[in-house]
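Asks: Sequence isn't available, so here's the structure alone:
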DNA sequence: ATTCAAAGTCAAGCTTGCTTTACATTGAAT
DNA sequence: ATTCAATGTAAAGCAAGCTTGACTTTGAAT
């Protein structure tokens, strides 16, 4: 699973800290997601896409296997 | 978070077992998801929506808080 | 009334998402 | 050359998703 979180974040001029606060998660979580160390929960994925006014599919790119 | 998994499953004439197999998860997982005992991982959410040829947003209805 | 597939419950255990804390690196501005 | 905000790493622990296995309930068909 790939994601465009960093691109969206930068486009909105948010720091990782800003984003973490808006999403009500820790900064570590943002770092880990941007570095694609793990996938977000579906709840967090929804929060992220809502914040950026787009669909989950716009932010997260699913690749089988 | 609400979901329409059962509706989609029935529409496609799948049993819980069929669906579990196609998604490569246990039948317990299907039951738990249909009963909304917990949310799926985003990977599983993608698999489900792909199987039903729709978007994650079509199957899962996010409600804040 | 039985039977059988489908749907359901319960509980224990593993895996993965997320938090917290503490510390290190980068890079741009002065 | 320093400084400071932003980004990064590491590790331990809690919480949520998923599995397995064994057993129960439902309901439609014969």
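Replies: Sure, I can see it. Please read these numbers as outputs of a predicted model, since none were measured by experiment.
Asks: Tell me how far residue A:22 lies from residue A:16.
Replies: Noted for residue A:22: a distance of 11 Å to residue A:16, by Cβ to Cβ, to the nearest Å. To be clear about C-beta, it is placed using only N, CA and C from the backbone, and glycine gets the same treatment.
Asks: Can you pick out the residue with more neighbours from those two?
Replies: Using other Cβ atoms under 10 Å in any protein chain shown, the more surrounded residue of residue A:22 and residue A:16 is residue A:16, with 18 against 14.
Asks: and the residue nearest to the more buried one when sequence neighbours are not counted, what is it in contact with?
Replies: Of all residues not flanking residue A:16 in the chain, residue A:30 sits nearest, at 4.5 Å (Cβ to Cβ, 6 or more residues apart in numbering or on different chains). The neighbourhood of residue A:30, defined by Cβ atoms under 8 Å, 6 or more residues apart in numbering or on different chains, consists of A:5, A:9, A:16, A:19, A:20, A:23.
Asks: what's the pLDDT at residue A:30?
Replies: Per-residue pLDDT puts residue A:30 at 98.
Asks: ditto for residue A:64
Replies: According to the prediction, residue A:64 has pLDDT 80.
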